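Enquirer: Got a sequence here, can you build the structure:
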Amino acid sequence: MFIDIHDLELRAVEFDEEFCPGKIDLGPEVHQLTPLNAQGKGELLTEHRGGRAGNIEDIRLIGHLSTEVQLPCARCIEPVKHAVTRSFDLLYRPQGVDAGQEELSVTQAEAEIGYYVGDGLLLEDVLREQVLLTLPIRVVCREECRGLCPYCGKNLNHETCSCKPESTDTRWDALKNLKM
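Expert: Below is the predicted model of the structure:
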């Protein structure tokens with residue numbers, strides 16, 4: 001769904017969209033299991049800057065999304081289901097409008113401004129970003145996950161291996177005899 005700046009000039013645009021798994025590319029390791037549901041509205045905010053800067057038309061998106069994704073366990077790479085729900089209140093400004101302005105510091109509100117190019121933005125891109133921001137950095141299938149054997153690659157949760165740890169480098173043997 002394209003949110004057009006010209007439509008927003010006339011009225012706020014409400015959306016209630018459902019995106020089937022695979023419709024939005026979430027990257028190679030994230031697989032969408034259930035439809036991504038997104039509801040909300042887009043509205044135009046006009047910022048009056050005066051002078052040569054004139055008026056700036058920002059797009060504000062307020063909404064909520066939900067879906068379920070599958071991620072690989074950080075230890076054993078088995079698939080792990082993860083529910084995603086997120087409310088958002090986002091501000092997008094035309095790209096390049098802030099260029100050349102000298103800023104001494106950036107406020108928290110300014111750090112959360114996104115930028116759009118042309119006549120609007122694609123809702124799918126916004127939702128992709130919001131889903132990815134919701135995901136944990138690392139996910140494990142369970143706290144006691146034993147992971148993979150570093151030598152043979154077997155999943156230690158399902159089977160044991162007969163791998164022996166590599167012997168240490170003999171160049172370090174002389175240091176073992178040192179006492180502190």
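Enquirer: end-to-end on stretch 10-25?
Expert: End-to-end distance for stretch 10-25, by CA to CA, to the nearest Å: 31 Å.
Enquirer: List the contacts of that stretch.
Expert: 1, 3, 7, 31-44, 63, 123-124, 127-128, 131 (CB atoms under 8 Å, 6 or more residues apart in numbering). No exception for glycine: its C-beta is placed from N, CA and C like everyone else's.
Enquirer: 10 Å instead?
Expert: Contact with stretch 10-25 is made by 1, 3-4, 7, 31-44, 59-63, 65, 67-70, 120, 123-125, 127-128, 131, as judged by CB atoms under 10 Å, 6 or more residues apart in numbering.
Enquirer: Where helices are concerned, which of these count?
Expert: In helices, defined here by DSSP state H, the members of the contacts of stretch 10-25 are 7, 123-125, 127-128, 131.
Enquirer: Show the buried residues in these.
Expert: If you count burial by 16 or more other CB atoms under 10 Å, the buried members of the ones in helices among the contacts of stretch 10-25 come out as 123-124, 127-128, 131.
Enquirer: Show the contacting residues for the residue nearest the centre of the chain.
Expert: Centroid-nearest residue in the chain, with CA atoms, centre = their mean: residue 132, separated by 1.9 Å. Residues counted as contacts of residue 132 (CB under 10 Å, 6+ apart) are 26-27, 30, 69, 84.
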